[in-house]
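# quick one: sequence plus predicted model below, questions after.
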Amino acid sequence: MSLPRVIALCLVAITLAVYVPVGGHDFLHYDDEDYVTNNHVVKAGLTWAGVKWAFTTGFAANWFPVTWLSHMVDCELFKLNAGAHHMGNVVFHAVNAALLFGLLLRLTGKIWPAAFVAMLFAWHPLHVESVAWVSERKDVLSTFFGLLTLLSYAKYVQQSSRLHYRLALLYYALALMSKPMLVTLPFLLLLIDYWPLQRFAWSTMRWRFVGEKIPFFILAIGVCLITLKVQHPVASPTSWPRGFRLENAICAMGHYLSRTLWPDSLSVFYPFKMIPIQTVAAVIIILLAFSWAAWLARNQNRCWLVGWLWFLGTLVPVIGLVQVGSAAMADRYMYVPSIGIFIAMGFGLLDVRDRWSWSEKYFTGAALFTVVICVMLTERQLGYWKNGETLFRHVLEVTGDSPVVHANLGLALEKQERYEDALAEYRQMGSIIYSEYEYHISVGNMLVKLGRPAAALTEYGQCLNRNPSNAIYHVVVGNALAAQDKFPDALAEFTKAEMLKTNLAPAHIGIANVLLKLGNRTNAVAELWAAVRAEPYNGQTLSVVARVLATHPDAAVRDGPGAVLIASKANDFSYGLRPEILDALGMALAETGDYTNAIVCAVNALDLFENRETGEAKSIGHHLQSYQNHQPWREPFSITNLPVIH
């Protein structure tokens, strides 16, 4: 076997070994719920409806159909096995390292510099975020197709092969449909024309040289327009002035450069902070110095200039001049730009060694030491990504107190049903920078789960005092009052909510809850059906109503066939992939005496849980035992069964 193939195989094998711990990591609530665990289209696996959805949706403020399809394939093959989804990212990352090695070897013919660059790419801790986060499948997948694009383009240039040109266009289209960040890839084609292909000479340039790039630019412009359209409605909770965003973009470039060269204090979230003008000025001077040095060094070796421009150019789409979200920067954005820095290091320093006659032994030792340090830092960084709690506790250590980080840590703890701990984190949020509503609602919801509706009422009341015209605030206040048996006051709040916003399903359900406690069964049932008419396509609303109609202790309230109709409709909407809806359908079927299918629903619901030790999973297990004993489930309507409002 040839040496390049041995190196490529070693790159893949070692990368898989380094990242094997992610096979034991959990899904995160942070984006993974939108992309996989709570995305019912994706969880359904590879279906024609899913394929159509992937190509037509702008969900999550992005258009990346190929990424959606890859998640669907994972769900088709592995269901919600978090480890398998994680290892899918790892496999793509390992293959990307081998592709990068093959690309640089083809372009330069230099084995060891190409291998060194690929090793840095494969094992640098800055890339952990892109690999250890299921939601960042788009990073590793788009880079996979992007590297295939560059490799095919290199073959086209070297072999004058039209087939490889067409393949380059195809791969580029797939790269853009995986993540639009690679819209600047046509400029990378110009860069590798300049070096190492040495095609960039003004005296010999022809129309073909320029014209061959036009189809790539057309694809890039098309995806830019689509992305602007799907991201147009999405605004950051806090809109920062343009001048501040420019300062932040400059400092972000400095951050990315420094973290590439010294990868310490890495975080999944960096909050916006006011930046001293001295810091901005210092970063500008450093960036200009690097730019000037790269320009001067081009006469000795063009790799310096190409690497530097690769770094700067591929950062442009994500540098933050157009603000989307509440993060100042993100390490995942360096997955492709870092290659430029690594190219400058790998090929540029080799040239310096040759020019200055440095000892090859010491030079090789320094390179190996760098790689080993990267592996060790990557192993440490991987440990922070085990679950949402470990991740956001680390973020707090790195970035200090931030209301957004406390909110996410609280949510991670809430997912573990550690409500007291979650409540403490939500209280730490303080006056959250972008939503008083989110802070008080989160605290109130935790207090309800802890059985403290009076305290919850105080939190909800804070929202209502600030915005009395918001119907949802009246609903949550009404629910808290009802939990304290203050029924007239609760009905007054629900009535105000209905006046502010007609056909509000949570208000109808809240009224039904109060009327049932007052013994007004007929009007209570009417309110439940009014909720269904108000939100006929809301799975959560339908499942709550079906649950009441199927399980209420009062026979005059129960309506088994009606509950089956509603729950079946909700289950169809969710592709049979929401455990709470399957649970409601099982209850409804048991009420009609169909225990066989009720058992099937309960078993299917339990299969959707990663952890069956959660309270919800244990409850479904109790329901299953009841059906197995040919007994329907009975429970009173309570505030904990109401739709959760976040």
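Perfect, I can see it now. Source: prediction; values computed, not measured.
# where does the prediction get shaky in the chain?
201-207, 232-240, 321-326, 357, 430-438, 639-646 (pLDDT under 70).
# which stretches of it form strands?
270-271, 327-329 (DSSP state E).
# which residues of the stretch 351-500 of the chain fall in helices?
Taking DSSP state H, counting those that start in this stretch, the helices of the stretch 351-500 of the chain run over residues 360-383, 388-399, 403-415, 419-428, 436-449, 453-466, 471-483, 487-500.
# ugh, wrong one, the stretch 151-300 of the chain
Listed in chain order, the helices of the stretch 151-300 of the chain (DSSP H, counting those that start in this stretch) span 162-176, 185-194, 207-211, 214-231, 242-261, 277-297.
# okay, buried residues for the fifth one please.
The reference is to helix 242-261. Under the neighbour-count criterion of 16 or more other C-beta atoms under 10 Å, helix 242-261 has 245, 247-257, 259-260 buried. Using the backbone N, CA and C atoms, a C-beta is placed for each residue, glycine as well.
# okay, now the nearest residue to P553 once chain neighbours are set aside: neighbour count?
Setting aside the residues directly before and after it, P553 is nearest to R634 in space (C-beta to C-beta, 6 or more residues apart in numbering), at 5.3 Å. Around R634 there are 14 other residues, counting by other C-beta atoms under 10 Å.
# next: H552.
23.
# for it, give its distance to A563.
According to C-beta to C-beta, to the nearest Å, H552 stands 10 Å off from A563.
# remind me, longest helix of this protein?
helix 82-108 (DSSP state H).
# hmm, back to that, tell me which of the strands of the chain lies nearest to H93.
Set against H93 and scored by C-beta to C-beta, those come closest in strand 327-329, at 21.1 Å.
# by contact count, what packs against that closest one?
helix 242-261, strand 270-271 (3 or more C-beta pairs under 8 Å, 6 or more residues apart in numbering; DSSP states H and E).
# quick revisit: V336: which of the helices of the stretch 351-500 of the chain is closest?
When the helices of the stretch 351-500 of the chain are compared by C-beta to C-beta, helix 360-383 sits nearest V336, at 17.5 Å.
# what angle do that closest one and helix 388-399 make?
120 degrees (axes from the mean of the first three to the mean of the last three C-alpha atoms, to 10 degrees).
# what does helix 360-383 rub up against?
18-19, 21-22, 116, 119-120, 123-125, 127-128, 132, 263, 266, 349, 353, 390 (C-beta atoms under 8 Å, 6 or more residues apart in numbering).
# which parts of it are buried?
For helix 360-383, the neighbour count (16+ other C-beta under 10 Å) marks A367, T370, V371, C374, V375, L377, T378, Q381, L382 as buried.
# go on, stretch 112-130?
Within stretch 112-130, the residues scored as buried using 16+ other C-beta under 10 Å are 113-130.
# out of the buried residues of helix 242-261, which comes closest to H623?
Set against H623, the nearest of the buried residues of helix 242-261 by C-beta to C-beta is R259 (49.9 Å).
# return the residues in contact with the nearest residue in space to the closest one that is not next to it in sequence.
Distances taken as C-beta to C-beta, 6+ apart put L126 closest to R259, at 5.8 Å, once the chain neighbours are dropped. L126 is in contact with R259, T260, P263, L266, D331, M334, S338, counting by C-beta under 8 Å, 6+ apart.
# who wins on neighbours among those residues?
Compared across the contacts of L126, M334 has the highest neighbour count, 28 neighbours, by other C-beta under 10 Å.
# how much space between that residue and A534?
Taking C-beta to C-beta as the measure, M334 falls 47 Å from A534.
# so who does the closest residue to F487 other than its chain neighbours touch?
Leaving out its chain neighbours, the residue that sits closest to F487 by C-beta to C-beta, 6+ apart is V514, at 5.0 Å. Applying C-beta under 8 Å, 6+ apart to V514 gives the contacts G478, A482, F487, A490, L491, F494.
# got phi/psi on F272?
phi -60, psi 140 (degrees, to the nearest 10).
# that one contacts N248, correct?
Yes: counting by C-beta atoms under 8 Å, F272 touches N248, with 6.7 Å between them.
# re the thing from before, and the helices of the stretch 351-500 of the chain, which is most packed in?
For these, average neighbour numbers computed from mean count of other C-beta atoms under 10 Å are highest in helix 471-483, which has a mean of 25.
# need the residues that contact that helix.
Outside helix 471-483, the residues that touch it by C-beta under 8 Å, 6+ apart are 437, 441, 444, 448, 453-454, 456-457, 460-461, 463-464, 467, 487, 489-494, 496-498, 500-501, 504, 506-507, 510, 513-514, 517, 638-639, 642, 645.
# and that helix, how far out from the chain middle?
On the basis of C-alpha atoms, centre = their mean, to the nearest Å, helix 471-483 sits 32 Å off its chain's mean C-alpha point.
# swap in stretch 136-144?
With C-alpha atoms, centre = their mean as the basis, stretch 136-144 stands 12 Å off its chain's centre.
# ok, residues contacting it?
35, 62, 64, 66-67, 70-71, 88-89, 92-93, 95-96, 99, 129-131, 175-176, 178-179, 181-182, 332, 335-336.
# what is the burial count for Q278?
Look at Q278: counted by other C-beta under 10 Å, it has 8 neighbours.
# apart from its neighbours in sequence, what residue is nearest A407?
M429 (5.3 Å).
# show me what contacts the one you found?
Applying C-beta under 8 Å, 6+ apart, we find M429 in contact with P403, H406, A407, G410, Y439, S442.
# mind putting the residues you listed into CSV with distance to A168?
CSV is the format used below for those (distance: C-beta to C-beta, whole Å):
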residue, distance to A168
P403, 46
H406, 47
A407, 44
G410, 47
Y439, 50
S442, 49
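# and of the residues you listed, the nearest to Y171?
A407 (39.5 Å).
# tell me how many other residues surround the closest residue to G24 other than its chain neighbours.
Nearest residue to G24, sequence neighbours excluded (C-beta to C-beta, 6+ apart): G83, at 6.1 Å. Per other C-beta under 10 Å, the neighbour tally for G83 reads 15.
# hang on, isn't G83 packed against F27?
No: G83 lies out of contact with F27 (C-beta under 8 Å); the separation is 10.0 Å.
# ok, back up a step: now tabulate the helices of the stretch 351-500 of the chain in CSV and tack on distance to N523.
Compiled in CSV, the helices of the stretch 351-500 of the chain are given as follows (distance: least, C-beta to C-beta, whole Å):
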stretch, distance to N523
helix 360-383, 56
helix 388-399, 43
helix 403-415, 35
helix 419-428, 34
helix 436-449, 25
helix 453-466, 23
helix 471-483, 15
helix 487-500, 11
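# of the ones you listed, which is nearest G621?
Nearest of the helices of the stretch 351-500 of the chain (C-beta to C-beta): helix 403-415, 18.7 Å.
# sort out for me which of the contacts of helix 360-383 are in helices.
When DSSP H is applied, the contacts of helix 360-383 are split such that V18, Y19, F116, M119, L120, W123, V128, A132, L349, R353, T390 fall in helices.
# what is the most widely separated pair among the residues you listed?
Pairwise distances across these (C-beta to C-beta) peak at 41.1 Å, for the pair R353 and T390.
# for the residue positioned nearest the centre of the chain, which non-adjacent residue is closest in space?
The centroid of the chain falls nearest to D31 when counting by C-alpha atoms, centre = their mean (3.2 Å). Excluding its sequence neighbours, the residue lying closest to D31 (C-beta to C-beta, 6+ apart) is S135, at 3.8 Å.
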